[in-house]
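Student: have a look at this prediction, sequence included:
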Amino acid sequence: MNVLIIGGGGREHAIAWAVSRSPSCGDLWVARGNAGTARIARNVDLRETDAAAIASLCRRESIDLVVVGPEAPLVAGVADALRADGTAVFGPGAEGARLEGSKAHAKEVMEAAGIPTARGATVGSVTEAAKALSWVGERVAVKADGLAAGKGVVMAPDRETAIAAVKAAVEDRVFGDAGARVVLEEWLEGEEVSIIALVDGEEVRPLVPSQDHKRAYDGDEGPNTGGMGAYAPYPGLDAAAVESVAETCLRPLVRELDRRGTPFRGVLYAGLMLTADGPRVLEYNVRFGDPETQVLLPMLASDALELFAATARGELAQCEPLRFRPGAALTVVAAAADYPAGSARGDVISGLDGPDDRGDALVFHGGTRVGEGERPETNGGRVLAVTGLGPSLAAARDRAYEALAGISFPGMRWRTDIGHRGLGARVAAREE
Ligand code: AMP
Ligand code: GLY
């Protein structure tokens, strides 16, 4: 099978790594990829939302399957265009992708499907917000409706903060048009965990539960990021609990989308809050998480390419039950000094001379590019994600940090406490 992967971050390097290990993998392409994918695939310089250019590459190179990593091309309808052209795609069409592209739409579908979620209201003005707060609650999450690069949520502990956040979004447009409408949601308490599943339109197969670390600094302090590290499996949910989440939070949604004539094919990612009253869905994403993929695919013992292809063809139910390796995986992100604010780039990375796949440690590239003399250099943001594998979460963590210690670039910054919730460890004070 000739495969094209769309995207260029750590998630896509992990997807490329998993696909390249399959005996069914023929030619492997990544658009645009990074210095890591360049070692195992052919990088091609295409804009990820340019459906026409992607379709023409697929025809020219006889691509059998396109795996879409990020949300932007999905929201832009790239999967629809490629399917219309006869190419199998792992990733939903634009209508399915609206689950992530519009939080108001996601709330509406959740309601129709009877999914357990936070009480909430969608508003388009401060006046509407003032009314809604009286029944949603005074402590709320204020969420920009559209895609806001992970920055569109303000947690408001009181009415004044909530109103100010609504005003900033709908009147001052601090998130641009993404904030023309906002969703107000009751503030839920609990542990956050992600259930990420393969969905072929009907069949839903969850992977092991994972936990991300969204804040920039140790102790879950500092600004929100795309994610500074992750681990799997999250020990608080056993296989039966994951199955129960699939039954209450994923399958009814998939049935509702099918009923609407827009069957969902690809990855469905449920961001959950485990509250005292049971799991509640905070958000859906329509793609793999980054950096969750850098632990989930290494944990998957089944052939990833066969699963992605079966998902794209609507034949997931015919696949054997998913198999996972025993033990755990943990990944630590090494980010540029100014992440998440800026994007310093062009620095030499040392310690990457060995193979990326070191058996029980894997080095996934995110923001890297091939620099002078074919050496990888930083390209901003989350530069690398280093994954450790081990018989226990503690062993996986030790392996990840050990492998990370051999790598450096100017200003490299990472969290030292990835996995702390799963390990039940006390959070170490942040070292400056
Ligand atoms: P979202 O983009 O909807 O996942 O929101 C980003 C982050 O905001 C989540 O990861 C949570 O930490 C937090 N959050 C969102 N909604 C709520 C809620 N209803 N209650 C508490 N925290 C929330
Ligand atoms: N790591 C969170 C996400 O990919 O949305």
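Tutor: Structure received. Ligands and ions are numbered 1, 2, ... in the order given.
Student: for the stretch 101-250 of the chain, what spans make up the strands?
Tutor: With strands called from DSSP state E, counting those that start in this stretch, the stretch 101-250 of the chain shows them at 120-123, 140-144, 153-156, 182-186, 191-200, 204-206, 211-212, 215-217, 221-224, 229-232.
Student: out of those, which one sits most buried?
Tutor: Ranked by mean neighbour count, the strands of the stretch 101-250 of the chain are led by strand 229-232 with a mean of 30 (mean count of other Cβ atoms under 10 Å). (C-beta placed from N, C-alpha, C; glycine too.)
Student: any weak-confidence spans in the stretch 51-200 of the chain?
Tutor: Low-confidence segments of the stretch 51-200 of the chain (pLDDT under 70): 150.
Student: list the contacts of whichever residue of the stretch 301-432 of the chain sits closest to ligand 1.
Tutor: Closest approach between the stretch 301-432 of the chain and ligand 1, counting by Cβ to the nearest ligand atom: residue 421, at 12.9 Å. Contacts for residue 421 (Cβ atoms under 8 Å, 6 or more residues apart in numbering) come out as 191, 211.
Student: wait, which of the strands of the stretch 101-250 of the chain is closest to ligand 2?
Tutor: Among these, strand 211-212 sits nearest to ligand 2 (Cβ to the nearest ligand atom), with 4.4 Å.
Student: quick one on the thing from earlier: make CSV from the strands of the stretch 101-250 of the chain and add distance to ligand 2 to it.
Tutor: Shown next, in CSV, are the strands of the stretch 101-250 of the chain (distance: least, Cβ to the nearest ligand atom, whole Å):
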stretch, distance to ligand 2
strand 120-123, 20
strand 140-144, 14
strand 153-156, 12
strand 182-186, 17
strand 191-200, 7
strand 204-206, 16
strand 211-212, 4
strand 215-217, 12
strand 221-224, 10
strand 229-232, 7
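Student: so which of the ones you listed gets nearest residue 4?
Tutor: strand 191-200 (18.7 Å; Cβ to Cβ).
Student: distance to residue 276 added to the strands of the stretch 101-250 of the chain, as TSV?
Tutor: Formatted as TSV, the strands of the stretch 101-250 of the chain follow (distance: least, Cβ to Cβ, whole Å):
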stretch	distance to residue 276
strand 120-123	19
strand 140-144	18
strand 153-156	19
strand 182-186	13
strand 191-200	11
strand 204-206	23
strand 211-212	18
strand 215-217	23
strand 221-224	25
strand 229-232	24
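Student: rewinding a little: which parts of the host helix or strand of the residue of the stretch 301-432 of the chain closest to ligand 1 are buried?
Tutor: Here residue 421 sits within helix 420-423, counting by DSSP states H and E. Across helix 420-423, burial judged by 16 or more other Cβ atoms under 10 Å covers 420-423.
Student: nearest to residue 341 among the strands of the stretch 101-250 of the chain would be which one?
Tutor: strand 221-224 (7.7 Å).
Student: quick check: mean pLDDT of the helix holding residue 421?
Tutor: For helix 420-423, mean pLDDT rounds to 92.
Student: can you lay out the buried residues of helix 420-423 as JSON lines showing distance to residue 323?
Tutor: Listed next are the buried residues of helix 420-423 as JSON lines, based on distance: Cβ to Cβ, whole Å:
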{"residue": "420", "distance to residue 323": "29"}
{"residue": "421", "distance to residue 323": "26"}
{"residue": "422", "distance to residue 323": "22"}
{"residue": "423", "distance to residue 323": "25"}
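Student: now do the phi/psi pair for residue 400.
Tutor: Per-residue torsions, residue 400: phi -60, psi -50 (degrees, to the nearest 10).
Student: ok, for it, nearest residue in space, not its chain neighbours?
Tutor: Distances taken as Cβ to Cβ, 6 or more residues apart in numbering place residue 388 nearest to residue 400, at 3.1 Å, with adjacent residues excluded.
Student: spell out for me which residue occupies the centre of this structure.
Tutor: In the chain, the C-alpha nearest the mean C-alpha coordinate belongs to residue 289, at 1.5 Å (Cα atoms, centre = their mean).
Student: quick check: it vs residue 267, distance?
Tutor: Remark: distance between residue 289 and residue 267 (Cβ to Cβ, to the nearest Å) = 9 Å.
Student: wait, what's in contact with the residue nearest to the centre of the chain?
Tutor: Residues near residue 289 by Cβ under 8 Å, 6+ apart: 11, 194, 196, 210, 212, 227, 230, 269, 296.
Student: one step back: which neighbours do residue 289 and residue 267 have in common?
Tutor: residue 196.
Student: now for residue 127, how many residues are close by?
Tutor: Neighbour count for residue 127, taken as other Cβ atoms under 10 Å: 10.
Student: any idea how far residue 166 is from it?
Tutor: 10 Å.
Student: how about residue 282?
Tutor: For residue 282, the distance to residue 166 - Cβ to Cβ - is 19 Å.
Student: looking at the two, which is more packed in?
Tutor: residue 166 (27 against 21).
Student: give me the neighbour count for the residue lying closest to the more buried one once chain neighbours are set aside.
Tutor: The spatial neighbour of residue 166 that comes closest, neighbours along the chain excluded (Cβ to Cβ, 6+ apart), is residue 129 at 4.2 Å. Look at residue 129: counted by other Cβ under 10 Å, it has 24 neighbours.
Student: anything in stretch 246-254 near ligand 1?
Tutor: No - Stretch 246-254 is not in contact with ligand 1 by Cβ under 6 Å from any ligand atom; minimum separation 13.8 Å.
Student: give the buried residues for that stretch.
Tutor: Buried, per 16+ other Cβ under 10 Å, within stretch 246-254: 246, 248-254.
Student: what of stretch 84-94?
Tutor: 87-94.
Student: now render those as CSV, adding distance to ligand 2 and secondary structure.
Tutor: As requested, the buried residues of stretch 84-94 are arranged in CSV below (distance: Cβ to the nearest ligand atom, whole Å; DSSP: H, G, I helix; E, B strand; the rest coil):
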residue, distance to ligand 2, secondary structure
87, 25, coil
88, 24, strand
89, 20, strand
90, 17, strand
91, 14, coil
92, 15, coil
93, 20, coil
94, 19, helix
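Student: thanks a lot, catch you later.
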